[in-house]
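>>> I would like to see how this sequence folds:
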Amino acid sequence: MTREVRAFAVTVLTLAALGAAAGLLWSGLSPRAPYAITDQGTVLADPTTQALIAADGWFAVITGGLGLLCGGVAWFAARRWMLPVLLGLCAGGVLASMLTLWTGSTFTLGAVTVSAAAAPGVKIVPGALKLTASGVLVSWPLLGVGLFGLLEGMHGYRESPLRHPYGEPSTPLDHRPL
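This is a model prediction of the structure:
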């Protein structure tokens, strides 16, 4: 029981550390939307900006790619403790996505420049990095667990007696007698 708990904990903590690093990467790659400081507060300076959508896209690409990487590595590394690692991949993927969101929106990396047409006397500032499509938060755990399940299904089918229905021999086709 202790080894299963350890496998779960190591998986969750590894993904959490990757989530913090992914947040810094997301902060460095994603564009910021331009906001104008007015008497009414800060308002979006350019309503047609694609920066909000681009931030969601970068988040999905980074977390989805890391989810696929983690799912593949977890399947190859966890041959003895499949269930604890799979559960850790799911829980750690959720935690990693949340840490990616928090880290990326808290820390600003790289040169942040925005451009928008403004009225004279209105100051344009870069906005905070945030997600507008919260559905991309599930890309890390969904793709990680999905790839893990796909690999396990392919491996299980290869060793399954269902591959040889009706008592057919298990020899390859080129070695059967004519």
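
>>> can you tell me which residues contact residue 36?
Counting by CB atoms under 8 Å, 6 or more residues apart in numbering, residue 36 makes contact with 42, 43, 44, 45, 116, 118, 122, 123, 124, 125. All C-beta spots, glycine's among them, are computed from the backbone N, C-alpha and C.

>>> Quick check: it vs residue 149, distance?
47 Å (CB to CB, to the nearest Å).

>>> per-residue confidence for the closest residue to residue 99 other than its chain neighbours?
Distance criterion CB to CB, 6 or more residues apart in numbering; nearest residue to residue 99, sequence neighbours excluded, is residue 19 at 3.5 Å. Note for residue 19: predicted pLDDT of 96.

>>> Tell me where this structure has helices.
2-29, 51-77, 82-106, 139-158 (DSSP state H).

>>> out of those helices, deepest packed?
Neighbour counts (mean count of other CB atoms under 10 Å) averaged over each of the helices of the chain peak at helix 82-106, with a mean of 21.

>>> one step back: select, out of the helices of the chain, the one closest to residue 133.
Of all the helices of the chain, helix 51-77 sits nearest to residue 133, with 4.6 Å by CB to CB.

>>> which residue is nearest the middle of the protein?
Nearest to the mean C-alpha position of the chain, by CA atoms, centre = their mean, lies residue 63 at 2.2 Å.

>>> any chance of the helices of the chain in JSON lines, with distance to residue 132 too?
Listed next are the helices of the chain as JSON lines, based on distance: least, CB to CB, whole Å:
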{"stretch": "helix 2-29", "distance to residue 132": "14"}
{"stretch": "helix 51-77", "distance to residue 132": "5"}
{"stretch": "helix 82-106", "distance to residue 132": "12"}
{"stretch": "helix 139-158", "distance to residue 132": "15"}
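
>>> what's the closest of the ones you listed to residue 129?
helix 82-106 (4.9 Å).

>>> circling back: can you pull the pLDDT of the residue nearest to the centre of the chain?
96.

>>> For it, give me its contacts.
So residue 63 contacts 22, 96, 97, 100, 136, 137, 139, 140 (CB under 8 Å, 6+ apart).

>>> Look up how far residue 42 lies from it.
For residue 63, the distance to residue 42 - CB to CB - is 28 Å.

>>> Ok, residue 54 next?
20 Å.

>>> again, but for residue 81
Per CB to CB, residue 81 is found 50 Å from residue 42.

>>> So for these two, which sits in the more crowded spot?
residue 81 (19 against 13; other CB atoms under 10 Å).

>>> ok, now which ones touch the closest residue to residue 138 other than its chain neighbours?
Nearest residue to residue 138, sequence neighbours excluded (CB to CB, 6+ apart): residue 97, at 7.2 Å. Residues in contact with residue 97 (CB under 8 Å, 6+ apart) are 19, 63, 137, 138, 139, 140, 141.
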